[in-house]
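>>> turn this into a model:
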Amino acid sequence: MRRINTNNLENGMVISKAIYSSNGIVLLGEGVVLTERYIEKIIDSGLEYVFIEDELSAGIEAENIIKDETKIAIQRVLIDSLQKMKKGCFTASSGIVKQVEKMMIEILSNPVVMLSVQEIRNKSDYALMHVINVSTISCLMGKNMGLSDEQLKQLTIGALLHDLGKVSMDINSYKYREEYSVEEFEVYKMHTENGYRMMQEIPGMSLVAANVARTHHENYDGTGFPLGLAGDKIHLFSRIVAIANEYDNRMYNMDEKNRMKHHQIIEYIIFKSYTMFDPEIVKVFTNSISPFPLGSGVILSNNKIGIVAKANKNVPSRPMVRIINPETKEILEEIDLSVVLDLTIVDEKSLL
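Model (predicted):
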């Protein structure tokens, strides 16, 4: 499989990763052959990228750390529970805990230690898919840190509900923090305390998980909000979720002008070590998320074009790359960048 911009879709291309609507209904399943009508349907849905299967990408498979069915089930439970909690019915959260436990079982039983993020998401899905992705990444990072099952459960619940305080506020969730006016940002900051109070209303909810909603915007150097905590005064779970939250926001919630490429986001998070983020947890993050997702197009330092074919968990920035001729659409060779050290990936490239 490989990622392709929806503007480059053509009749006869084959979908390699199912496309779902915001309510979990399959719009186009794996193996569907594209027609003009299907292409129009994809573009109208607001998707920027989809994944296709062709000869260039044969054998390239991204492993899902949790099943699509699990994500859909979490999404449906969240929609129902958040609507009820917004009205004050906090007992509606029991389904969330069950889904978190199911997610944990899948992540713990999966041998994958490095996630190659392969999301198909549009703006209408942002709020729900954001918290699901943040909780998935947080749980994987916690697993790689050797946290106990109970710690992982509390971390994952806190991550899944870290933005709970937004449901009772008049906030445009499609804005990134830097886009708010001074007045809007003051309102925005209130979602942390609101979420903390709401989570305390949930029967059986631990204060550790609730604290994630309150302190996931604290910065390692003490410049965050709402309490201005610094260093290890910020709970470990909040330091983990802060990184996963920033990563997902920059992946899917930036306007065209400020959008960053995948490897640039990871470089940005590394750059923010010691200021925004705990440097030790940043190291865990960079070993948990591949900077060049499987199936994405890249340019090498010798100007050759390729597709990322296999991740290298020991050296994440140096994966196996399948070199192609973009004009003839032929596979020329495969290069293991962990062995061929005189070549590097210099940029991502959208392929036709």
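
>>> how near is residue 272 to residue 234?
14 Å (CB to CB, to the nearest Å). To be clear about C-beta, it is placed using only N, CA and C from the backbone, and glycine gets the same treatment.

>>> ok, the two, which is more surrounded?
Applying other CB atoms under 10 Å to residue 272 and residue 234 shows that residue 234 carries more neighbours, namely 21 against 18.

>>> how about the more buried one: what's its closest non-neighbour residue?
residue 218 (4.6 Å; CB to CB, 6 or more residues apart in numbering).

>>> contacts only, for that neighbour.
When the contact criterion is CB atoms under 8 Å, 6 or more residues apart in numbering, the partners of residue 218 are 224-225, 227-230, 234, 238, 242.

>>> which SS class is it?
Reducing the assignment at residue 218 to three states with DSSP: H, G, I helix; E, B strand; the rest coil gives coil.

>>> and the pLDDT at it?
We note a pLDDT of 98 for residue 218 in this prediction.

>>> repeat that for residue 117.
According to the model, residue 117 carries a pLDDT of 68.

>>> and the one helix or strand in the chain whose mean pLDDT sits lowest, what does it pack onto?
Taking mean pLDDT, DSSP states H and E as the measure, the helices and strands of the chain show their lowest mean at strand 19-20, namely a mean of 82. Contacting strand 19-20 under the criterion 3 or more CB pairs under 8 Å, 6 or more residues apart in numbering; DSSP states H and E are the following elements: strand 26-28.

>>> quick one: average confidence on the next helix-or-strand element following the strand it packs on?
Once the chain leaves strand 26-28, the next helix or strand it forms, by DSSP states H and E, is helix 36-44. Model confidence over helix 36-44, given as mean pLDDT, is 90.

>>> and helix 36-44, what's buried?
Going by neighbour count (16 or more other CB atoms under 10 Å), the buried part of helix 36-44 is 38-39, 42.

>>> nearest to residue 83 among these?
Nearest to residue 83, judged by CB to CB, of the buried residues of helix 36-44 is residue 42 at 28.7 Å.

>>> distance of the spatially closest residue to the closest one that is not a sequence neighbour from residue 90?
Leaving aside its chain neighbours, residue 42 sits nearest to residue 6 (5.4 Å; criterion: CB to CB, 6+ apart). The spacing between residue 6 and residue 90, counted by CB to CB, is 40 Å.

>>> ditto for residue 131
Looking at residue 131 against residue 90, where the rule is CB to CB, the gap reads 17 Å.

>>> what do you get for residue 20?
If you measure residue 20 against residue 90 using CB to CB, the figure is 29 Å.

>>> ok, now residue 10?
Separation of residue 10 from residue 90 (CB to CB): 50 Å.

>>> the two: which has the busier surroundings?
The residue with more neighbours, out of residue 10 and residue 90, is residue 90; 16 against 11, by other CB under 10 Å.

>>> now do the same contact list for residue 318.
Under the criterion of CB under 8 Å, 6+ apart, the contact partners of residue 318 comprise 312, 336-338, 344-345.

>>> same check, this time on residue 302
The contact partners of residue 302, by CB under 8 Å, 6+ apart, come to residue 343.

>>> tell me the SS of it?
coil.

>>> just the one 5 residues further on next, same as before
Assigned by three-state DSSP, the conformation of residue 307 is strand.

>>> what ranges does the protein have for its helices?
With DSSP state H as the definition, the chain shows helices at residue ranges 36-44, 68-86, 94-109, 126-144, 149-160, 182-200, 207-215, 236-252, 262-271, 279-286.

>>> what pLDDT does residue 163 get?
Value listed for residue 163 in the pLDDT field: 94.

>>> for residue 5, see how far away the residue lying closest to it once chain neighbours are set aside is.
Here the nearest residue to residue 163 in space, its sequence neighbours aside, is residue 131; by CB to CB, 6+ apart that works out to 5.8 Å. When distances are taken as CB to CB, residue 131 and residue 5 turn out to be 26 Å apart.

>>> in terms of packing, which of these two has more residues around it?
More neighbours surround residue 131 than the other of residue 131 and residue 5, with 23 against 14 (other CB under 10 Å).

>>> contacting residues for that one?
Residue 131 is in contact with 78, 159-163, counting by CB under 8 Å, 6+ apart.

>>> re earlier: can you redo the helices of the chain as TSV, where the extra columns are distance to residue 297?
Rendered in TSV, the data for the helices of the chain read as follows (distance: least, CB to CB, whole Å):
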stretch	distance to residue 297
helix 36-44	19
helix 68-86	24
helix 94-109	28
helix 126-144	22
helix 149-160	31
helix 182-200	36
helix 207-215	36
helix 236-252	17
helix 262-271	11
helix 279-286	22
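
>>> out of those helices, flag the one nearest residue 321.
The nearest among the helices of the chain, by CB to CB, is helix 262-271 at 13.4 Å.

>>> ok, and what's touching the closest one?
Residues external to helix 262-271 that are found in contact with it (CB under 8 Å, 6+ apart): 117, 243, 246-247, 250-251, 260, 277, 282, 285-286, 289, 291-293, 296, 317, 345, 348.

>>> residue 90 reaches residue 200, doesn't it?
No: the pair residue 90 and residue 200 does not pass the contact test of CB atoms under 8 Å, sitting 9.2 Å apart.

>>> from residue 152, how far off is the residue nearest to residue 234?
21 Å.

>>> then residue 103?
Where residue 152 is concerned, residue 103 sits at a distance of 10 Å (CB to CB).
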